[in-house]
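K.L.:
Build me a model from this:
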Amino acid sequence: MPGDGRATAIFKQPVSGRVRVGWEGLEVDKQADRRFHGGMEKALHHFPLENHGRLALRFPELAQQFVPGAIGENISTEGIDEASICIGDIYAFGGARIQVGQPRTPCWKIDAKFGHEGISHYVAEQGIAGWYYRVLAPGEVQAGDPFSLLERNADAVSLAELWQASRTRRPQPGVLQRIADTPGLNEAWRRKLLQRIDWLRANA
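P.N.:
Down below sits the predicted model:
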């Protein structure tokens, strides 16, 4: 990281040509801190271009820096955001099949990269951190490949719903239970929701 030397892989570059998506993501990609990034449940990070637009409006002095890859994402698209994508959604991306498992939780590295405090807080507050995929079937992809929804849960829960419920001070336990029971939700998120349900009921 500029200025302090801490390891980071948030600086991404566009990829040309076909690259392979393996079980842990793009084979040309790396993660610096494997405690919190990467692995099979965080194989690919998707951040919509629409969110870059929102950040550019909120932080106009940095507007030109909010470009594809700037938040450390692997995939940038138009037309899909947290309100329209759902936990458990399965997508065909090039020759790979990938599934939405959880939202991203923004960290200090976003502020550190841009040299500006408050970006991570705004991203979390607005629920525009993007999301992670697990890989169901490896394959080759390239920029411009079709990105097609294959399957969606019958009682689908959008990422915006999950984010709002997780940040509400005292959400209804039934709301959290519905999210926790959603097929495809990351297990760590499911445990966290169930623990909060238990706390809410014990402190009703």
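K.L.:
Show me what secondary structure element comes after the helix or strand of the chain with the lowest mean pLDDT.
P.N.:
Here the helix or strand of the chain ranked lowest by mean pLDDT, DSSP states H and E is helix 108-114, holding a mean of 91. Remark: after helix 108-114, the chain's next helix or strand is helix 119-126, criterion DSSP states H and E.
K.L.:
Just checking: what are the partner strands of the very next helix or strand once past that next one?
P.N.:
As assigned by DSSP H and E, the chain's next helix or strand after helix 119-126 is strand 131-137. Next to strand 131-137 in the sheet, as set by DSSP bridges, lie strand 44-46 (antiparallel), strand 96-103 (antiparallel).
K.L.:
Is it possible to get CSV of these that adds mean pLDDT, mean neighbour count and distance to residue 8?
P.N.:
In this view, the C-beta of every residue, glycine as well, is placed from N, C-alpha and C. Below are these laid out as CSV (pLDDT from 0 to 100; neighbours: other Cβ atoms under 10 Å; distance: least, Cβ to Cβ, whole Å):
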stretch, mean pLDDT, mean neighbour count, distance to residue 8
strand 44-46, 97, 22, 14
strand 96-103, 98, 22, 20
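K.L.:
Looking at strand pairing, list the partners for the residue nearest the centre of the chain.
P.N.:
Taking Cα atoms, centre = their mean as the criterion, residue 131 is the residue nearest the geometric centre of the chain, at 1.6 Å. Under DSSP bridges, the beta-bridge partners of residue 131 are residue 46, residue 103.
K.L.:
Next up, the contacts around it.
P.N.:
Contact analysis of residue 131 by Cβ atoms under 8 Å, 6 or more residues apart in numbering lists 45-46, 82, 85, 100-104, 159.
K.L.:
same thing but at 6 Å, please
P.N.:
For residue 131, the contact set (Cβ atoms under 6 Å, 6 or more residues apart in numbering) comprises 46, 100, 103, 159.
K.L.:
in the protein, which spans are helices?
P.N.:
Secondary structure of the chain by DSSP state H: the helices cover 49-58, 108-114, 119-126, 159-167, 173-180, 187-202.
K.L.:
contacts for the third one?
P.N.:
Right, the one you point to is helix 119-126. By Cβ under 6 Å, 6+ apart, the list of residues contacting helix 119-126 from outside reads 58, 106, 110-111, 129.
K.L.:
what's the closest of the residues you listed to residue 94?
P.N.:
Residue 94 lies nearest to residue 129 out of the contacts of helix 119-126, by Cβ to Cβ, at 24.1 Å.
K.L.:
And that closest one, its phi and psi?
P.N.:
Main-chain dihedrals, residue 129, degrees, to the nearest 10: phi -90, psi -10.
K.L.:
how near is it to residue 170?
P.N.:
Going from residue 129 to residue 170 by Cβ to Cβ, to the nearest Å gives 23 Å.
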